[in-house]
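[1] any chance you can model this:
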Amino acid sequence: MKNLFDLTGKVALVTGASRGIGESIARLLAQYGAHVIVSSRKIDGCEAVASSIRDAGGKASALACHVGDMEQITAAFAEIKSEFGQLDILVNNAAANPYFGHILDTDLGAYDKTVDVNIRGYFFMSIEAGKMMKEQGGGVILNTASVNGVTPGDMQGIYSITKAAVISMTKSFAKECGSLNIRVNALLPGLTDTKFASALTTNDQILKQALKVIPLGRVADPDEMAGTVLYLVSDASSYTTGTTVIVDGGMLA
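    Next up, the predicted model:
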């Protein structure tokens, strides 16, 4: 019987993959046979993850790309096209959350940075990937959104707003790209133990409050997000598009 999770021969680009959830995703996709392009803003972190994947017997390369910078997005896809000639999987996982505080105190700098990465970045990464996938007859895009896109996080106004936009973006791309055999879905992580979420996980008072509304009573490990992504980018989910999968320990329930 065919292994529905087998990614042999696939090329996968994972952004924000030098640490946290992105790193876990990159490692798991490589374990299942994909050549993973490990991407984030700084090449050193990407190369460290890529080389450890190669050391473990997987296929990986590193690519620096700041998704908040349009020129870098264009350059990254030109490089992927010339080196691989294909892109089967895009995981939009890089995100910005520079501001933690009352929504009325949000300044333009924090707003721009969050929107440029979380909305514009995901949008144009999806367009570039989608064009390649259209040419080759199909592909899969996976967006990392957040439970904050459904229920805004306290003191995380603009971040939550951008993640709600990612959920809408996922549905929009899925609707218009389905006929091109391009599937688009979103992962909605709950509270996860990453450097990105450290404003929440390292503050005992905030953490205590957060755990009260999580039925599983604990913070997720980044590896606990990767299995859902593997499902959504593999043939196991071949009839799934335009949907969101919530992985939050029961918080939204």
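
[2] residue ranges with poor pLDDT in the chain?
    196-201 (pLDDT under 70).

[3] how about 80 then?
    For the chain, applying pLDDT under 80 flags the ranges 195-203.

[4] longest strand of it, counting residues only.
    What stands out as the longest strand in the chain, according to DSSP state E, is strand 182-189.

[5] spatially central residue for this structure, please.
    Nearest to the geometric centre of the chain sits residue 93, at 2.2 Å (Cα atoms, centre = their mean).

[6] just checking, that one touches residue 17?
    Yes - contact status for residue 93 versus residue 17: in contact at 6.8 Å, counting by Cβ atoms under 8 Å. For every residue, glycine as well, the C-beta is placed using N, CA and C.

[7] intersection of neighbour lists for these two?
    Shared contacts of residue 93 and residue 17 (Cβ atoms under 8 Å, 6 or more residues apart in numbering): residue 25.

[8] okay, helices next: where are they in this structure?
    20-31, 43-55, 70-83, 108-115, 122-136, 157-177, 198-201, 204-212, 223-233 (DSSP state H).

[9] winner for burial among those helices?
    helix 20-31 (a mean of 26; mean count of other Cβ atoms under 10 Å).

[10] ok, residue 235 to residue 87 distance?
    Using Cβ to Cβ, to the nearest Å, we find residue 235 at a distance of 17 Å from residue 87.

[11] more neighbours: which of these two?
    A direct count of neighbours by other Cβ atoms under 10 Å for residue 235 and residue 87 places residue 87 higher, at 25 against 14.

[12] surely the more buried one meets residue 13?
    Yes - with contact defined as Cβ under 8 Å, residue 87 reaches residue 13; the gap is 6.0 Å.

[13] where do the contact lists of these two overlap?
    80, 129.

[14] before we move on, back to that, C-alpha coordinates for the longest strand of the chain, PDB please?
    C-alpha atoms of strand 182-189 as PDB (Å, rounded to 0.1, in the frame of the first residue of the first chain):
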ATOM      1  CA  ILE A 182      -3.000  23.800  -5.800                       C
ATOM      2  CA  ARG A 183      -4.200  23.100  -2.300                       C
ATOM      3  CA  VAL A 184      -4.000  25.800   0.400                       C
ATOM      4  CA  ASN A 185      -4.600  25.200   4.100                       C
ATOM      5  CA  ALA A 186      -3.600  26.700   7.400                       C
ATOM      6  CA  LEU A 187      -2.200  25.500  10.700                       C
ATOM      7  CA  LEU A 188      -3.500  27.300  13.800                       C
ATOM      8  CA  PRO A 189      -1.100  26.700  16.700                       C
END
